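Undergrad: Here is a sequence together with a model predicted from it:
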Amino acid sequence: MRQVITYPGEDGYRVPECPSLPGCVSQGRTKEEAVANIRKAIQVYTATLRQDGLPVPDMG
């Protein structure tokens with residue numbers, strides 16, 4: 001599991017970010033929704049890197 005940081009956004013939504021994957025950010029109305037959304041975003045992000053033949057960053 002990758003480290004995920006969540007913080008409140010300016011619009012009242014929760015914003016989760018995955019520091020080991022630059023630019024991998026999502027949002028959700030609740031913390032639970034935000035975490036579910038960032039999990040999906042991480043899957044898509046890493047799948048796209050693999051598809052493009054690029055290395056997937058370590059979970060660092």
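TA: Cool, the structure landed.

Undergrad: Which strand or helix spans the residue lying farthest from the centre of the chain?
TA: Within the chain, the residue lying farthest from the chain centre (CA atoms, centre = their mean) is G53, at 20.2 Å. Under DSSP states H and E, no helix or strand contains G53.

Undergrad: likewise Y7?
TA: Element membership for Y7 (DSSP H and E) is strand 5-8.

Undergrad: So what touches the very next helix or strand once past that strand?
TA: Note on strand 5-8: by DSSP H and E, the next helix or strand toward the C-terminus is strand 14-17. Residues from elsewhere that reach strand 14-17 (CB atoms under 8 Å, 6 or more residues apart in numbering): 4-9, 24-31, 33-35, 37-38. Heads up, the C-betas are built off the backbone N, CA and C, glycines and all.

Undergrad: Mind checking which of the residues you listed are buried?
TA: V4, T6, C24, S26, Q27, G28, A34, N37, I38 (16 or more other CB atoms under 10 Å).

Undergrad: hmm, back to that, listing partners with orientation, what would you give for the strand holding Y7?
TA: Note on strand 5-8: by DSSP bridges, its sheet partners are strand 14-17 (antiparallel).

Undergrad: For the strand it pairs with, what does the pLDDT average out to?
TA: On average, the pLDDT along strand 14-17 is 97.

Undergrad: likewise stretch 49-59?
TA: The average pLDDT for stretch 49-59 rounds to 94.

Undergrad: Buried ones in that stretch, by neighbour count?
TA: Neighbour-count burial for stretch 49-59 flags P57 (criterion: 16+ other CB under 10 Å).

Undergrad: contact partners of that stretch?
TA: For stretch 49-59, the surrounding residues in contact (CB under 8 Å, 6+ apart) are M1, R2, Q3, S20, L21, P22, T46.

Undergrad: starting at the chain centroid, how far to it?
TA: 15 Å (CA atoms, centre = their mean, to the nearest Å).
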